[in-house]
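# make a model of this:
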Amino acid sequence: MNLQEALRFSFEDKENIILCNSILGSIDAHHIAAELDNFCIHLLGSAIFSALYIGFSVGASFGLELENGMRIFIKIHRPTPPGTITAISHASLTAVSSVQKSLAEIGFPCPRVVGEPMEFGAALATVDVFSVPGELKDAHNPAIRGSIARTLAQLIQLTEPYKSVNGLTYGRFCADDTLYPIPHNELFNFERTSQGAEWIDAIAERAKTLVTRINGREVLGHLDWSLKHFRFQRDEVVMVYDWDSLKLEDELNVLGIAAATFTTTWDIPVRITPSQEESLAFVNEYEQARGTKISSDERAKISAAATYCMAYVARCEHALDSHGNNYDGSFRQALAAMRGDLYLDV
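Numbering: from 1, shown residues only. Okay, here's the model as predicted:
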């Protein structure tokens, strides 16, 4: 499918229209396709032949095949202030690309970087090789869960020498004075949709109090370690995406976020939430791969971080579905059924 047709097809989803306009400042498929075509000709000397993938969330993502046969992945970001959870700047993207490039060179399963981040109108663009090895799999399978946990431990070990790279940003998990940060994209307005979400907020508040009371060591970790960003060959991870999520953060927060969301994808028909037992098993598998014991205080913080993360996602769900039409299998349902005050209390 050519890019213009693919864009028009994606705009059949009204959420994509909102997100595309917030990132690119336009929903004119002809204009966007022409701008991307010009960008590829300028950067890589070839026009676009076809669209392989289009997605909108924090950024606008395009998998493209060029006329010269090259396959690339362009992600376009709207610059955002440093005090937000989605802080994006030319310096931060350049820093992340340099770390990603180094990781790919030593064999870590991430896409190869094609070039440094560049301006794309008023936005910023990163360009990677479009790489889709292996297949999608269900992380409720213990073998897949263990592979994801081990790969996270490996990543944090490998990125230790890069923590001082200039331009890296902080994750700011639970760092805001308000209960929640500014949501990560234009679809979610927590203030306008607060009615009926008081029970979620109460869980988030309890969890956040504990998160901010205990400190772990600072690491350079991936803050969206969820199944939607993974591909597997047999039971091993062969590709991880979404590298603008690489940020400096407390290791215990990184692990809590991952324990809450490692099963999450909408690309295959699986339950998006882990059970409490599965989240705990993920932490245990990470501990084993890390090679050092996690203390009881650290486990309490990991559990609080996981619970807070789930509450944030539940609030995002509520913002779009305040009547609960999509409640079954949701993060709201998982929190409502939670045994104990925190998600890993099993």
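# hmm, residue 182 is touching residue 85, no?
Yes. Taking contacts as CB atoms under 8 Å, residue 182 lies within contact range of residue 85: 7.3 Å. C-beta here means a position set from N, CA and C on the backbone, and glycine is covered the same way.
# doesn't residue 85 lie inside a helix?
No. With DSSP: H, G, I helix; E, B strand; the rest coil as the criterion, residue 85 is coil rather than part of a helix.
# for it, phi and psi?
Per-residue torsions, residue 85: phi -70, psi -20 (degrees, to the nearest 10).
# OK, contacts around it?
171-173, 181-182, 184 (CB atoms under 8 Å, 6 or more residues apart in numbering).
# how near is it to residue 169?
Look at residue 85 and residue 169: by CB to CB, to the nearest Å, they are 10 Å apart.
# and if you look at residue 152?
Taken as CB to CB, the span from residue 152 to residue 169 is 19 Å.
# could you do residue 286 as well?
Counting by CB to CB - residue 286 and residue 169 are separated by 23 Å.
# likewise residue 150?
26 Å.
# the more surrounded of the two?
residue 169 (23 against 17; other CB atoms under 10 Å).
# and the longest helix seen in the chain, what's buried?
Of all the elements of type helix in the chain, the one with the most residues (DSSP state H) is helix 296-320. Buried residues in helix 296-320, counting neighbours by 16 or more other CB atoms under 10 Å, are found at 298-319.
# number of residues surrounding the residue lying closest to residue 341 once chain neighbours are set aside?
The spatially closest residue to residue 341, leaving aside those adjacent along the chain, is residue 206, at 6.1 Å (CB to CB, 6 or more residues apart in numbering). Per other CB under 10 Å, the neighbour tally for residue 206 reads 16.
# tell me the contacts of residue 206?
Listed by CB under 8 Å, 6+ apart, the contact partners of residue 206 are 307, 341-342.
# pLDDT check: weakest of the residues you listed?
Within the contacts of residue 206, pLDDT reaches its minimum at residue 341, with 95.
# specify the local secondary structure of the residue minimising distance to the centre of the chain.
The residue lying closest to the centre of the chain (CA atoms, centre = their mean) is residue 224, at 3.1 Å. Taking three-state DSSP as the rule, one finds residue 224 in the coil state.
# report the contact partners of the closest residue to it other than its chain neighbours.
Nearest residue to residue 224, sequence neighbours excluded (CB to CB, 6+ apart): residue 245, at 4.1 Å. By CB under 8 Å, 6+ apart, the residues touching residue 245 are 222-224.
# looking at the residues you listed, spot the one nearest residue 106.
residue 222 (16.2 Å; CB to CB).
# quick check, the closest one in contact with residue 154.
No. Residue 222 lies out of contact with residue 154 (CB under 8 Å); the separation is 11.3 Å.
# and these two? which has more neighbours close in?
residue 222 (26 against 16).
# beta partners of the more buried one?
residue 246 (DSSP bridges).
# give the contact list for it.
So residue 222 contacts 152, 155, 240, 242-243, 245-246, 254 (CB under 8 Å, 6+ apart).
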